[in-house]
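Peer 1: Fold the following.
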Amino acid sequence: MRDLSLTELRTHIAMAFEDATLFSASVRENVLLGRAELDVHSEEGERVLREALDVAQASFVNELPEGVETVIGEEGLSLSGGQRQRLALARAVAAKPKVLVLDDPLSALDVDTEALVEEALRHVLADTTAMIVAHRPSTVALADRVALLERGRITAVGTHSELLKTSSHYRHVISSLEADEAARTGAIPIIRDEDLAAADITAHADTQNIEKEVQA
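Peer 2: Okay, here's the model as predicted:
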């Protein structure tokens, strides 16, 4: 990475953040901003645009006054938070990057839309390296490897299932996130069999360690 120029680096990386950045331009121009080589009005440009909008579940653009030609205004303030996030995600996907950086880009979406976006993202991530900062358990589950941060330091790395088994702090974080999500949506938290098994395995191991210390 250090050997790449800033221009080259930008051609390989695309980002979508919780606080979405949009420009005073049409939906089409915003989404295809990272594809300078494309004629945005060409057949190929239309294909890339529609694929990216489909991944981001951004069909709402068809209901805008001028469809994808609607100028959305500075920062997209005429749109809702969830709509802005979906357009920013569509732009990142349309860029076809080698590395995709996602910093909690679905936080303003309702649960049903979020699930649809995540399912579509699984196909995108199949051939793209992604770094995901997430505060929702369902988004965490998109990752092949999870790094747990505590006080600014990485304290554990593994798959979601591995960390459930080996890290009490990770289980606490996931439980807290699920409780927050349930409170936000009014849903009942779902406790999965594998989560119970992971907790039971660790609890059993902790009990054995305590017994050994008592005997010593």
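
Peer 1: any idea of the mean pLDDT for stretch 167-177?
Peer 2: If you average the pLDDT over stretch 167-177, you get 91.

Peer 1: With stretch 20-30 instead?
Peer 2: For stretch 20-30, mean pLDDT rounds to 94.

Peer 1: How about stretch 105-118?
Peer 2: 90.

Peer 1: just how off-centre is that stretch within its chain?
Peer 2: Stretch 105-118 sits 9 Å away from the centroid of its parent chain (CA atoms, centre = their mean, to the nearest Å).

Peer 1: what does stretch 93-109 give?
Peer 2: The answer for stretch 93-109 is 6 Å, by CA atoms, centre = their mean.

Peer 1: next one: stretch 116-130
Peer 2: Using CA atoms, centre = their mean, the offset of stretch 116-130 from its chain centre is 9 Å.

Peer 1: before we move on, what about stretch 126-135?
Peer 2: With CA atoms, centre = their mean, you get 7 Å for stretch 126-135.

Peer 1: those helices in this structure, which residues are they?
Peer 2: Assigned by DSSP state H, the chain shows helices spanning 6-12, 27-31, 43-55, 81-94, 111-125, 137-140, 160-166, 168-185, 193-215.

Peer 1: quick one: terminal-to-terminal distance for stretch 25-42?
Peer 2: Stretch 25-42 has an end-to-end distance of 18 Å (CA to CA, to the nearest Å).

Peer 1: on that earlier part again, out of the helices of the chain, the one nearest M131 is which?
Peer 2: Among the helices of the chain, the nearest to M131 by CB to CB is helix 111-125 (10.9 Å). Placement of C-beta: from N, CA and C, glycine included.

Peer 1: Could you list the buried residues of stretch 90-101?
Peer 2: For stretch 90-101, burial by neighbour count (16 or more other CB atoms under 10 Å) applies to A90, R91, A92, V93, A94, A95, K96, P97, L100, V101.

Peer 1: cool, stretch 173-183 as well?
Peer 2: Result for stretch 173-183 [16+ other CB under 10 Å]: buried residues V173, I174, L177, E178, E181.

Peer 1: Looking at the helices of the chain, which is nearest to V71?
Peer 2: Nearest of the helices of the chain (CB to CB): helix 27-31, 8.4 Å.

Peer 1: For the closest one, name the packing helices and strands.
Peer 2: Counting contacts by 3 or more CB pairs under 8 Å, 6 or more residues apart in numbering; DSSP states H and E, helix 27-31 packs against helix 43-55, helix 81-94.

Peer 1: Please enumerate residues in contact with the shortest one?
Peer 2: Residues lying outside helix 43-55 but in contact with it, judged by CB atoms under 8 Å, 6 or more residues apart in numbering, are 28, 31-32, 35, 38-40, 59, 61, 68, 89-91, 93-94, 117, 120-121, 123-124.

Peer 1: out of those residues, which are buried?
Peer 2: With neighbours counted using 16+ other CB under 10 Å, the contacts of helix 43-55 contain these buried positions: 28, 31-32, 35, 38, 40, 61, 68, 89-91, 93-94, 117, 120-121, 124.

Peer 1: Please tabulate the buried residues of stretch 173-183 in CSV, including the columns distance to L6.
Peer 2: As requested, the buried residues of stretch 173-183 are arranged in CSV below (distance: CB to CB, whole Å):
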residue, distance to L6
V173, 35
I174, 37
L177, 36
E178, 40
E181, 38
